[in-house]
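**Student:** A structural model of the following input is requested.
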Amino acid sequence: MGLQKGKGKALFQRIAGIFKNRLCAIKEYPKPPLLPVERCHEVLVEAFEVASSPDKMVAELGSGGVLLMVRMLVGSAAGDTSATASKGKKSKGKGKPAAGGGGVGALDVEQVRELYTGLFVDFMAKKRRQAPQTLVFLNLCQRSPEVGWHLFAQFAEGITTGANDYLRLQAMLVLKELLQRHSSAAGLAPAAVKAALSSAAAGLTAQFQSSSADADAAKVKYVRGMLAFATVLLKAIRALSVSVPTTELSSALVALLNCPLASKSPPVKTVATQLIRLLEGGAAKAAGTPKAKSAKASGKAAAKAAPEPAAEAKGAEAAAPTSALKKRAKAETPGKRKKKKSSE
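**Tutor:** Numbering: from 1, shown residues only. Down below sits the predicted model:
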């Protein structure tokens, strides 16, 4: 990486472009037994060391190498043709099933979890003088969400263990990418998905309670970021049909709504109110309580049922005797003739 500065900068950028846009973007690679699985895991570890760099460009290159190895190992699953037949349209991933049905193929998930967890813990605690880049975690969740979901619980711990508001929001940002790709959780057991989502809801509840208790010190930007994450979390819980306890979260939102911070920031008040209604609606649906019709809806239904005035007038004219209509026509005709004569 010494070429990155001075005269070798142009050469470094050219090599980096070839590595990133050509090598890391390959779509055809060997399958087992031709794929050297053990060597791929060794390269993955070496690439992860580069990805741990605080330099953004270097970290992005290392992350690309890691994800290439992950993609090759995940694509090595028996019967999975996504690796060799992926020259067609590329799936954008949000809300769509992951390739291979959420499996991880020959990838050693425990090794990947250990690598990313160690780096993420250091990132949240700011133990390093030069912190790693957030893109290392974001790239994993965006490009390999079926693998990222195996680390959801570890990432969720950052909601409470982050050293400051910024780092806690970064943890929520990483989780948000996975929640937007909730269908990629198909490879996990339902109990694991429930535990992961419950841990995120519990961490978020603790942060809302802390902000409400010390409303004067709480930053509006941080609270708005938490509310945005809560919206995505609740939508994912509903989409996955997972029974996650949200009573404490609802109470924490009510407390936030009643604290001085909500009166200072109208957006906080609005979003918190919407989330409380969303939680109450979900609870009513789970209990089987029929949703009451609003006054607006009932008014529309009554207006639909009532006959139109124009229709009533037309009906009255149709029911009138023909003799009366003839008399009316004769009475109008002389007046018209007089007007014509006067004009002449």
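**Student:** now the helices for the stretch 201-344 of the chain?
**Tutor:** Using DSSP state H, counting those that start in this stretch, the helices of the stretch 201-344 of the chain run over 220-240, 247-258, 260-264, 266-287, 295-305, 309-319, 322-343.
**Student:** which of these has the lowest average pLDDT?
**Tutor:** Among the helices of the stretch 201-344 of the chain, helix 309-319 has the lowest mean pLDDT, at a mean of 49.
**Student:** so who does Ala47 touch?
**Tutor:** With contact taken as C-beta atoms under 8 Å, 6 or more residues apart in numbering, Ala47 is in contact with Gly62, Ser63, Gly65, Val66, Leu68, Met69. Just so you know, the C-beta spots here come from the backbone N, C-alpha and C atoms, and that holds for glycine as well.
**Student:** what does stretch 202-209 rub up against?
**Tutor:** Contacts with stretch 202-209, where a contact means C-beta under 8 Å, 6+ apart, come from 156-157, 159-160, 168, 226, 229-230, 233, 248-249, 252-253, 255-256.
**Student:** looking at those residues, which one is closest to Glu49?
**Tutor:** Taking C-beta to C-beta as the measure, Glu49 lies nearest Glu157 of those, at 23.3 Å.
**Student:** distance check, that closest one against Val220.
**Tutor:** Distance of Glu157 to Val220, computed by C-beta to C-beta, to the nearest Å: 25 Å.
**Student:** and if you look at Ala185?
**Tutor:** Using C-beta to C-beta, one gets 32 Å for the distance from Ala185 to Val220.
**Student:** of the two, give the one with the bigger neighbour count.
**Tutor:** Higher neighbour count among Ala185 and Val220: Ala185, with 26 against 14, using other C-beta atoms under 10 Å.
**Student:** isn't that one up against Ser241?
**Tutor:** No. Counting by C-beta atoms under 8 Å, Ala185 stays clear of Ser241, with 11.6 Å between them.
**Student:** so where do the helices sit in the stretch 51-200 of the chain?
**Tutor:** In the stretch 51-200 of the chain, the helices defined using DSSP H, counting those that start in this stretch lie at 56-74, 109-125, 135-143, 145-148, 152-156, 158-161, 165-179, 190-213.
**Student:** so what does the residue nearest the centre of the chain look like in phi/psi?
**Tutor:** Central residue of the chain (C-alpha atoms, centre = their mean): Gln180, 2.9 Å from the mean position. Torsion angles at Gln180 (phi, psi; degrees, to the nearest 10) stand at phi -70, psi -20.
**Student:** so it touches Val232, yeah?
**Tutor:** Yes. With contact defined as C-beta under 8 Å, Gln180 reaches Val232; the gap is 6.6 Å.
**Student:** need the helices of the stretch 51-200 of the chain in TSV (columns: mean pLDDT and mean neighbour count).
**Tutor:** As requested, the helices of the stretch 51-200 of the chain are exported to TSV (pLDDT from 0 to 100; neighbours: other C-beta atoms under 10 Å):
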stretch	mean pLDDT	mean neighbour count
helix 56-74	92	21
helix 109-125	93	17
helix 135-143	95	21
helix 145-148	94	26
helix 152-156	96	22
helix 158-161	95	20
helix 165-179	95	22
helix 190-213	94	19
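**Student:** between these, which gets nearest to Cys24?
**Tutor:** Closest among the helices of the stretch 51-200 of the chain, once you apply C-beta to C-beta, is helix 56-74, at 4.0 Å.
**Student:** mind exporting the C-alpha coordinates of the closest one to CSV?
**Tutor:** In CSV, the C-alpha atoms belonging to helix 56-74 read as follows (Å, rounded to 0.1, in the frame of the first residue of the first chain):
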residue,chain,number,x,y,z
LYS,A,56,-11.3,4.4,3.5
MET,A,57,-9.9,3.4,0.1
VAL,A,58,-7.8,0.6,1.6
ALA,A,59,-10.6,-0.7,3.7
GLU,A,60,-13.0,-0.7,0.7
LEU,A,61,-10.5,-2.8,-1.3
GLY,A,62,-10.0,-5.3,1.6
SER,A,63,-13.8,-5.5,2.1
GLY,A,64,-14.2,-6.3,-1.6
GLY,A,65,-11.7,-9.2,-1.3
VAL,A,66,-13.5,-10.5,1.8
LEU,A,67,-16.9,-10.4,0.1
LEU,A,68,-15.5,-12.1,-3.0
MET,A,69,-14.4,-15.0,-0.9
VAL,A,70,-17.7,-15.0,1.0
ARG,A,71,-19.6,-15.1,-2.3
MET,A,72,-17.5,-17.9,-3.7
LEU,A,73,-17.9,-20.0,-0.6
VAL,A,74,-21.6,-19.3,-0.2
